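Engineer: Dropping the sequence and predicted coords here.
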Amino acid sequence: MNELSIEVKPVQVKISKAVKGWTPEEVAIIQKDIAKGTSPSELAYFLNVCKAHGLNPFLKEIWCYKDHKGNLIIFAGRQGLLTMAQRNPQYSGMRSCEVCENDQFSIDVANDQVIHTVTEMDPKKRGSIVGAYARCFRKDGEPSLAFVPIGDYDKGGRGPWTTHKADMIKKVAEVRVLKLAFGFAGVQNPYEWDVDSTGKTMPIRTEIAGFEYIGRIETLAESVLAGDELEDCLDELSRDIPRFRADQIWGYLKEKQSHDPLAQNVFSGSLYDEVKDYEKRHPEIKKEATKAVETINLDDVSAKIVEAEAKRELNFIQKMWACTDIEALDKLYNSIHKKSESITKEYKQIKKEING
């Protein structure tokens, strides 16, 4: 019976000696089939990460790809992360479940609260799967909780996402929560990355926005932004940016347009000064301040004050373009408008008093 012949290169023999625990043949197989396209130093690094985490690449517990910039990205799948978690004496179990559109479901991640009732056992009556959640328990602290929407991960096509959709989305949630609970430095969540036909990988939702879409965003930005704010926006759009970031900018601009259609007006510093002077010296300049207000539409005053609050008091420009948390951005924007509404209400009262 002929033995399987494996070609081993001298550099692979050196790596085997340097990174103990791997035979030269195993190193050769890993580089050929699991760590494709890696340099000797990258291969040695990958094997050291496998060894440090106690994961077996032959069991598909850990593997690696190059990203579109040539960087080595190491992944650990659900089973690999679970293996590491189960070795930790603080691990105390994990629960997960898919969520369907007809389930009774609510989740509060911040307070670790999940209410989930499956009212129908027939999968067809439960409706389409909308996501999954997972909870991981530690003996030395509070549990970790994660929810993942299926739309971010199920891109259609063939394979397990078609035949075993519930299992796949639960795996995504489990990987997310295991990373939250234990960290596991040096390895990435494979469900957060896409691999193209050339074997290169990149984070999901990071395809570069097209020129036509960027042009539409620039047009919208020019209609609702002014000054430095517009300059910062156009500066970012002039570079290749991921589609998801372009979507964030588009969404913000549309929201700004719908709430503040007069925001494109150039802010009048003199009007702002008069408004602030009125607040400081109410009795003395009541007529002068009110006269300034009466010469312009109150909504316009409100819009200008919004811009003033944003620029002068909340450092809004810098925060907006640095912010990737849309919810936090909405809260900031809404707080500015709340101030504007109160000021507008005050000036309406002034007009009423003077006219009365």
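Structural biologist: Nice, I can see it. Since this is a predicted model, take the numbers as computed values, not measurements.
Engineer: any idea how far Val118 lies from Ala166?
Structural biologist: Look at Val118 and Ala166: by Cβ to Cβ, to the nearest Å, they are 12 Å apart. Every C-beta, even on glycine, is put in place using the N, C-alpha and C of the backbone.
Engineer: Leaving out chain neighbours, which residue sits closest to Glu222?
Structural biologist: Using Cβ to Cβ, 6 or more residues apart in numbering and skipping the chain neighbours, the partner closest in space to Glu222 is Leu230 (6.5 Å).
Engineer: Compute the number of surrounding residues for that neighbour.
Structural biologist: The local packing of Leu230 (other Cβ atoms under 10 Å) involves 17 other residues.
Engineer: pretty sure it contacts Ala221?
Structural biologist: Yes. Look at Leu230 against Ala221 with Cβ atoms under 8 Å: they come within range, at 6.0 Å.
Engineer: Can you point out the buried residues in the helix or strand hosting Glu236?
Structural biologist: Under the criterion of DSSP states H and E, Glu236 resides in helix 227-237. Neighbour counts over helix 227-237 (16 or more other Cβ atoms under 10 Å) mark 229-230, 232-233, 237 as buried.
Engineer: sorry, back to before: if I look at the residue nearest to Glu222, how far off is Glu212?
Structural biologist: In terms of Cβ to Cβ, Leu230 sits 20 Å off from Glu212.
Engineer: what's the answer for Lys60, then?
Structural biologist: 41 Å.
Engineer: Of the two, give the one with the bigger neighbour count.
Structural biologist: Using other Cβ under 10 Å, the more surrounded residue of Lys60 and Glu212 is Lys60, with 13 against 7.
Engineer: for Val109, what are its contacts?
Structural biologist: Contact partners of Val109, counting by Cβ atoms under 8 Å, 6 or more residues apart in numbering, are 145-147.
Engineer: Okay, now the unreliable bits of the chain?
Structural biologist: 1-4, 156-158, 196-199, 202-210, 239-240, 242-245, 257-356 (pLDDT under 70).
Engineer: tell me the domain boundaries of it?
Structural biologist: 10-76, 89-183, 211-355 (automatic domain parsing).
Engineer: I'd assumed Val175 was in contact with Arg78.
Structural biologist: Yes. Counting by Cβ under 8 Å, Val175 is a contact partner of Arg78 at 5.2 Å.
Engineer: Compare neighbour counts for those two and give me the winner.
Structural biologist: Between Arg78 and Val175, Val175 has the larger neighbour count (other Cβ under 10 Å), namely 27 against 19.
Engineer: Could I get the buried residue list for the host helix or strand of that one?
Structural biologist: For Val175, the element it lies in under DSSP H and E is helix 165-182. Residues of helix 165-182 classed as buried by neighbour count (16+ other Cβ under 10 Å): 165-166, 168-182.
Engineer: Residues contacting it, please?
Structural biologist: Outside of helix 165-182, the residues within contact range by Cβ under 8 Å, 6+ apart are 77-78, 81-82, 84-85, 88, 91, 94, 96-98, 129, 131-136, 138, 143-148, 150, 153-154, 160-161, 184, 189-191.
Engineer: Now the buried members of the residues you listed.
Structural biologist: Listed as buried from the contacts of helix 165-182 are 77-78, 81-82, 84-85, 91, 94, 96-98, 129, 131-136, 138, 143-148, 150, 153-154, 161, 184, 189-191; burial here means 16+ other Cβ under 10 Å.
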